[in-house]
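>>> Quick one: sequence and predicted model below, then my questions.
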Amino acid sequence: MPRGTTPRQPSKSGRHTAAKVSRGGSRMPKTPTPPKPTQTSLPRMKTGSAKGYNPVAPERVAEILKRLDARYPNVKCALHHNSAWELLVATILSAQCTDVRVNMVTPVIFAKYPTPQHFAALNPEELEPDIRSTGFFRNKAKSIVGAAKKVVSEFGGKVPDTMEELLTVPGAARKTANVVLGSWFGKNIGVVVDTHVHRISRRLEFTKNDDAVKIEQDLMKVIPQKKWTDFSHQIIHHGRGICVARKPKCAECPLEDMCHAGDKTWSTVEIHKNAQ
Ligand code: SF4
């Protein structure tokens, strides 16, 4: 390759190598670089080395939420459901399992057992074959049948709509309760922290914690309450399509120029090693 034509590479430090200039002083043509985020006209955020940088500053958070709204408008829960009960069951089944797989299993079991009363009458072993493909099927069968018994015996066959009551239902920890409260009852009581929300909240420096309960507490301080449910859904979509666990597609990301994550694959801003 002739001198002065070294392709411009993404820089892990965030400092791009300047395009080389030929001996005659004219700029050499650039090799194509990955597409930049569409919001390049927006001001760059200060980097970690910049004095006063605050990753949870309200204006930074607001800009990130705005961009998520633009990229993922009208997001919905990816688990198919027609009632709070169906959503509760689908959410229990979704632990360590893809939503696609859960959406294949739930129509079969809800056709067979249409109401919580039908599930409550089962032995967990009877349910196991139908949910085997979602993994951890023995525990999930116990949780679902236990949840059905609780819902039937204590809540008149209806899934309760408060966090306190939901947490008494077998198989419904805080994450499951947040899914049901947010997506079915339209109540922003908390933030769903699944694997995607966990990972991306750290990459965006909304939290330094590694524990789901603590991450949720951090997010509830940073994200306005009315956005809690939308934020969860948007980040889950983002985590599936762009900000994946390994080799996130940073060049396609609408948050790229605001993200300093240590494991970015392409960056126009300085990297913060602890942001991951
Ligand atoms: S820039 Fe990369 S690491 Fe940061 S949020 Fe986007 S995809 Fe994730």
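Cool, got the structure. Numbering: from 1, shown residues only.

>>> buried residues in stretch 97-117?
Residues of stretch 97-117 classed as buried: 97, 99, 102, 103, 105, 106, 109, 110, 113, 116 (neighbour count, 16 or more other CB atoms under 10 Å). To be clear about C-beta, it is placed using only N, CA and C from the backbone, and glycine gets the same treatment.

>>> On the pLDDT front, check the fourth one for me.
Confidence per residue is given as pLDDT, and for residue 103 that number is 97.

>>> Tell me how many other residues crowd the residue nearest to it when sequence neighbours are not counted.
Of all residues not flanking residue 103 in the chain, residue 80 sits nearest, at 4.8 Å (CB to CB, 6 or more residues apart in numbering). Neighbour count of residue 80, defined by other CB atoms under 10 Å: 16.

>>> quick one: residue 144 from the ligand, how far?
Distance of residue 144 to the ligand, computed by CB to the nearest ligand atom, to the nearest Å: 34 Å.

>>> Can I take it that the residue nearest to residue 103 is in a strand?
No - the assignment for residue 80, made by DSSP: H, G, I helix; E, B strand; the rest coil, is coil rather than a strand.

>>> Relative to the ligand, how far out is it?
27 Å.

>>> same deal with residue 58?
Per CB to the nearest ligand atom, residue 58 is found 19 Å from the ligand.

>>> so what pLDDT did residue 276 get?
Reported pLDDT for residue 276: 71.

>>> Hmm, it is touching residue 259, no?
No - using CB atoms under 8 Å, residue 276 is not in contact with residue 259, being 10.5 Å away.

>>> got a list of what residue 263 touches?
Applying CB atoms under 8 Å, 6 or more residues apart in numbering, we find residue 263 in contact with 203, 248, 276.

>>> Out of those residues, who's the most crowded?
With neighbours defined as other CB under 10 Å, the most crowded of the contacts of residue 263 is residue 248; it has 23 neighbours.

>>> secondary structure element for that one?
Counting by DSSP states H and E, there is no helix or strand that carries residue 248.

>>> Contact partners for it?
203, 242, 261, 263, 264, 265.

>>> Contacts only, for the residue of the stretch 51-200 of the chain found nearest the ligand.
The stretch 51-200 of the chain approaches the ligand most closely through residue 200 (5.9 Å), counting by CB to the nearest ligand atom. Residues in contact with residue 200 (CB under 8 Å, 6+ apart) are 235, 238, 239, 243.

>>> which bits of the stretch 151-276 of the chain sit near the ligand?
200, 203, 242-243, 248-250, 253, 255-256, 259, 261, 264 (CB under 6 Å from any ligand atom).

>>> among these, which ones are buried?
Among those, those buried by neighbour count (16+ other CB under 10 Å) are 200, 203, 242, 243, 248, 250, 253, 255, 256, 259, 261, 264.

>>> Show me the helices in the stretch 101-250 of the chain, by range?
Assigned by DSSP state H, counting those that start in this stretch, the helices in the stretch 101-250 of the chain fall at 116-120, 124-131, 137-154, 163-166, 174-183, 195-203, 212-222, 228-241.

>>> which regions of the protein lie under the pLDDT threshold?
1-51 (pLDDT under 70).

>>> Please report how far the residue nearest the centre of it lies from the ligand.
The centroid of the chain falls nearest to residue 236 when counting by CA atoms, centre = their mean (2.7 Å). Computed as CB to the nearest ligand atom, the residue 236 to the ligand distance reads 13 Å.

>>> In contact with the closest residue to that residue other than its chain neighbours, which residues are there?
Once flanking residues are discounted, residue 236 sits nearest to residue 196: 4.8 Å by CB to CB, 6+ apart. Residue 196 sits next to 235, 236, 238, 239, 240, 243 when contact means CB under 8 Å, 6+ apart.
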